[in-house]
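Participant: Test case, fold it:
(2 chains)
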Amino acid sequence: MTAAPSPSSNRWQRLLQPMVIPALSMLTALIVGSLVIALTDLDVLAALRNFFSAPGVALSAMWNAIAKAYGALFEGSLGSPATIIAALQSGDPQAITNAFYPFFDSLVTATPYIFAGLAVAIGFRCGLFNIGVEGQLYIGAMCSVWVGFTFTGLPAIVHIPLAMLAGAAGGAAWAFIPAILKAKTGAHEVINTIMMNYIAFRLSEWLLSNRGPLARPGSPVPVSPFIEKSAELPQFFPDPIRFHLGFFIALGVAAFIYWFLFKTTLGFELRTVGANPNAAKYAGMNITRNILIAMCLSGALAGLAGANEVLGVNHNLALAFSSGYGFDSIALALLGKSHPLGVVLSALLFGTLRSGATRMQNVARIPIDIISVIQALIIAFIAAPAIIRTLYRLKDGGEGEGAVFTRGWGK
Amino acid sequence: MATTLTSKTTDVHQTRNRAFGIAFIVIALAIYWLFALGVDSAATSTFGLNQGVVPAAERLPDMVLPSGGTVTFLAMFAAAIGAYQLARGFGRSTNVMMGLVALFFVFAFLTWAARDQSFNLVGMLKTMVSRAIPLTIGALSGILCERAGVVNVAIEGLMLSAAMMSAFIGSAAGNLWMGLLAGCLTGGVLAFFHAVLSIRYKVDQVISGTVINIFAAGLTSFISSKFLQVYPAYNSPGTFDSFPLPGLSSIPILGPIFFDANLFTYGAYVLLIVVHVGLFYTRWGLRVRAVGEHPKAADTLGINVFRVRYVNVVLGGLVAGFGGAYFTLGSVGRFDEYMTAGRGFISLAAVIFGKWNPFGAFGASLIFGFAESLQLKLAILKVPIPSQFLLMAPYIVTMIVLAGLIGRAVAPAADGQPYEK
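Facilitator: Residues are numbered from 1 along each chain as shown, chains lettered A, B, ... in the order given. A predicted model of the protein is given here:
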């Protein structure tokens, strides 16, 4: 006889169960990433040559390389605990600001991830794989920066929403093209959104080039003018902490997306089309319309990510300003199981990771691209939970976890 | 019942005919408006037909055309095709006519761009072929996978990794052949991961391919900035020399375009023939196609579906690796981050456009290669279009082609579906 599980432990189990695989995927990816870091370290490679005569030296060299890298990652993302305590004890405001800077900067980095992750997630919910978030983000940023510097004399309460909306509209328009092609001709969105990415990059190069309409007059480098003060998202703390209103807007948008997906008829239709298009069609739902809505909403969210970066952080637009937020958000949406809450949590995690990786690049000389490697591994593990189950000898979860998103070409 | 059905289909045909006819006439007008109006009536466009240094005896005379007259003629021809399409309809050959009208448009554009200038036509077509080669090889990789029922969107990542490894190993070993081998093997190993994820773990094949793409982009940039940029000696493998194929290369015009190239071009021709014959004229090919169309039936007949898929995906990976090596060993002789620039995805479009047939994919690749070479050569002609817009051309052409043809191109029936025994 086993004791009946108490209701409270049951609830905890229900809450934690879906997080086991993502957490272990994350952990495993970080471990594999550490091996990549160790095995590409020159000291380690030198020590490995004498592995059989002095295994201890090689192992400690590996450990040093990993500890240095991940130590920098941690300090860069959350701040060093020792510095924070020392700063609080000294009471010097400048020291406190510096100590908390990494933490707030992680939140700043997480903000575009929330938007972009929601963009990918809403596509997944409708069975669409939007790899074009990066391009939509660029277009959104360009629209928003244009509104930001063109209109002068507007009060902030008008100017900020206008610039954000312009970004959303730009992203939605950019996503509309592959959406209509998918809905009307069946051309696969994976190829088309990628093509649209390249077109967006070239377009941004032209717009910012010295004769382009977005170029800052007289600037030798391709960069846009600064936006008006009235379009800047307000920051909460004095410089250098860049934490701004965008973070809370992102949380609000995530709540809205949750409401839209799970509490409205339109959201239900969208999810049904994603789960089973045949059933949706049989039930009289309009597949074309749902594809268009999902893609445009996805593009709008991606555009907001771009607008957020321009209005909240950079205050102007330079070439290649995004550093791959759109691509990272694919891993992020999968990690968050395409659920708004999951997306927000994974965005916080990714923001922390990327923010720390920048420091890791500066301190430990580990190229930031290691993050992409780790992300690819996360997607692989999440998409194939059986690997994680085998590695950690977990029991089968029972529910169908590996969701099917796409259905071959043009079907 | 039957009569209403037929009348409805003829209605659809008529609407389609009318739409195409109107489109042709619009293009004809566009040709006239854009390229004939405002051109000096005495202007001529000169097209060179020789490539490189050619002995005087074998030199072909340049083709000199009156710019305005040629464009007007092309516009009228296109309009005539449109008128016939409206009146009678070309039926089955509508697509051919569409291609012809598109060709007129491009040629009219070239004539306009080259007015009062000389433009090396054969040189451009040669660039078209060399640009089409990596796309063709990538498409062959895609065909090998998809004919067995595995969608491979990872070609981009396979080619990128292979490009890097072949540059690195080629430089480290000081031997191009070692580099080539390393490139092929890299493609094969990564493709094996794709196979394990999508066949054994039944991961959505597009997701699995995206994993490989992100992984490859990350790892190649990581290694590039950690080693290749720090030690340039490890990133200078050199390139394979081009050599004319004896006999074939002396065919006028076609010879210099197709048969004066390096190992990769000839390798692509050989692979084209091998894959075509293999798929359609051997027992192996019949099995592969059976697995791609109806795995259950194939299984019932004793074909090991999983093994066929594994073998084909890995073969596809080796081929993609060969294509990836082109970027470093066959083209620029050095690895740059993200140097494949979406070519892997364009070759996927070539697979679809070519209806999963090797030679069809080659034709499609030539069209994409043409878009790329056009962009390169127009920069020389100083056309008043910003270079960034010309750089968009291959991507836009890819989208148009996908949108226009996918409805009529039928994928292998089990493409993209994991097999459950």
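Participant: contacting residues around the residue in chain B that chain A sits nearest to?
Facilitator: Nearest residue of chain B to chain A (C-beta to the nearest C-beta) works out as B:Gly218 at 2.6 Å. Using the backbone N, CA and C atoms, a C-beta is placed for each residue, glycine as well. Contacts were defined as C-beta atoms under 8 Å, 6 or more residues apart in numbering or on different chains; by that measure B:Gly218 touches A:Asp369, A:Ile370, A:Ile371, A:Ser372, A:Val373, A:Ile374, A:Gln375, A:Ala376.
Participant: what helix or strand is the residue of the stretch 251-400 of chain A found nearest chain B on?
Facilitator: Closest residue of the stretch 251-400 of chain A to chain B, C-beta to the nearest C-beta: A:Ser372 (2.6 Å). A:Ser372 is part of helix A:370-383 when elements are defined by DSSP states H and E.
Participant: I'd like the average pLDDT over that helix.
Facilitator: When pLDDT is averaged over helix A:370-383, the result is 87.
Participant: Stretch A:16-28 too?
Facilitator: Taken as a whole, stretch A:16-28 has an average pLDDT of 83.
Participant: That stretch near chain B at all?
Facilitator: No. Under the criterion of C-beta under 8 Å from any C-beta of the partner chain, stretch A:16-28 makes no contact with chain B; the nearest approach is 11.9 Å.
Participant: all strands for chain B, in order.
Facilitator: Taking DSSP state E, the strands of chain B run over residues B:44-48, B:63-66, B:118-120, B:242-244, B:260-262.
Participant: quick one: which of those is nearest A:Gly351?
Facilitator: Comparing the strands of chain B by their distance to A:Gly351 (C-beta to C-beta), the top pick is strand B:260-262, with 46.5 Å.
Participant: rewinding a little: what is the helix holding A:Ser372 packed up against?
Facilitator: Using 3 or more C-beta pairs under 8 Å, 6 or more residues apart in numbering or on different chains; DSSP states H and E, the elements in contact with helix A:370-383 are helix A:7-39, helix A:325-335, helix A:340-363, helix A:385-392, helix B:205-223.
Participant: most packed of these?
Facilitator: Each of the helices and strands packed on helix A:370-383 was scored by mean neighbour count; the highest is helix A:325-335, a mean of 28, by mean count of other C-beta atoms under 10 Å in any protein chain shown.
Participant: Report the distance from that helix to the chain centre.
Facilitator: The gap between where helix A:325-335 is centred and where its chain is centred comes out at 5 Å by C-alpha atoms, centre = their mean, to the nearest Å.
Participant: Hey, what's the angle from it to helix B:205-223? Just curious.
Facilitator: If you take axes from the mean of the first three to the mean of the last three C-alpha atoms, to 10 degrees, helix A:325-335 sits at 130 degrees to helix B:205-223.
Participant: For the stretch 151-300 of chain A, which residues are neighbours of chain B?
Facilitator: Applying the criterion C-beta under 8 Å from any C-beta, the portion of the stretch 151-300 of chain A that neighbours chain B consists of A:177, A:181, A:184-188, A:190-192, A:194-199, A:202-203, A:205-206, A:209, A:211.
Participant: now do 6 Å
Facilitator: Remark: the part of the stretch 151-300 of chain A in contact with chain B comprises A:181, A:185-187, A:190-192, A:194-195, A:198-199, A:202, A:205-206, using C-beta under 6 Å from any C-beta of the partner chain.
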